[in-house]
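# Everything below, folded, please.
(one chain, ligands or ions: 1)
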Amino acid sequence: MKMNIQLFAVPFRKVSKTRKRMRRTHYKIEANGTIKCPNCGAEIRAHRVCPECGFYKGKKAVGQEEQSE
Ligand SMILES: [Zn+2]
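A predicted model of the protein is given here:
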């Protein structure tokens, strides 16, 4: 069965500056690979020890070894 679909690229000059800018309002910079620390809730990079509380994988990985709480 033959598909009779032709796809046309939209000539970029036919998109007005306003329309182009409106479309690009959805393009945002976002920090990649960040998660919330399960211990203190701070935004941290994934697979890293939390700089706020020193926890990693639910354990205190940096700093004193005392387990308060
Ligand atoms: Zn933390």
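
# residue boundaries of the helices in this protein?
Remark: helices assigned in the chain by DSSP state H are 17-24.

# That one against the ion: which residues are in contact?
By CB under 5 Å from the ion, the residues of the chain that approach the ion are Cys37, Asn39, Cys40, Cys50, Glu52, Cys53. In this view, the C-beta of every residue, glycine as well, is placed from N, C-alpha and C.

# which of these tops the neighbour count?
Among the residues of the chain next to the ion, Cys50 has the most neighbours (other CB atoms under 10 Å), with 22 neighbours.

# May I have the phi/psi pair for the nearest residue to that residue once chain neighbours are set aside?
Leaving out its chain neighbours, the residue that sits closest to Cys50 by CB to CB, 6 or more residues apart in numbering is Cys37, at 4.4 Å. Backbone torsions for Cys37, taken as degrees, to the nearest 10, come to phi -60, psi 130.

# Surely Cys37 is in contact with Val49?
No: counting by CB atoms under 8 Å, Cys37 stays clear of Val49, with 9.7 Å between them.

# number of nearby residues for the nearest residue to His47 once chain neighbours are set aside?
In this structure, His47 finds its nearest non-sequential neighbour in Gly33, 7.9 Å apart by CB to CB, 6+ apart. Using other CB under 10 Å, Gly33 has 9 neighbouring residues.

# What distance do you get for Gly33 to Arg45?
6 Å (CB to CB, to the nearest Å).

# Stretch 29-43: end-to-end distance?
One end of stretch 29-43 sits 16 Å from the other (CA to CA, to the nearest Å).

# now the residue nearest the centre of the chain: how far from the ion?
By CA atoms, centre = their mean, the chain has its centre lying nearest to Asn32, at 3.9 Å. Separation of Asn32 from the ion (CB to the ion, to the nearest Å): 19 Å.

# Next, count neighbours for Val15.
Counted by other CB under 10 Å, the residues lying close to Val15 total 13.
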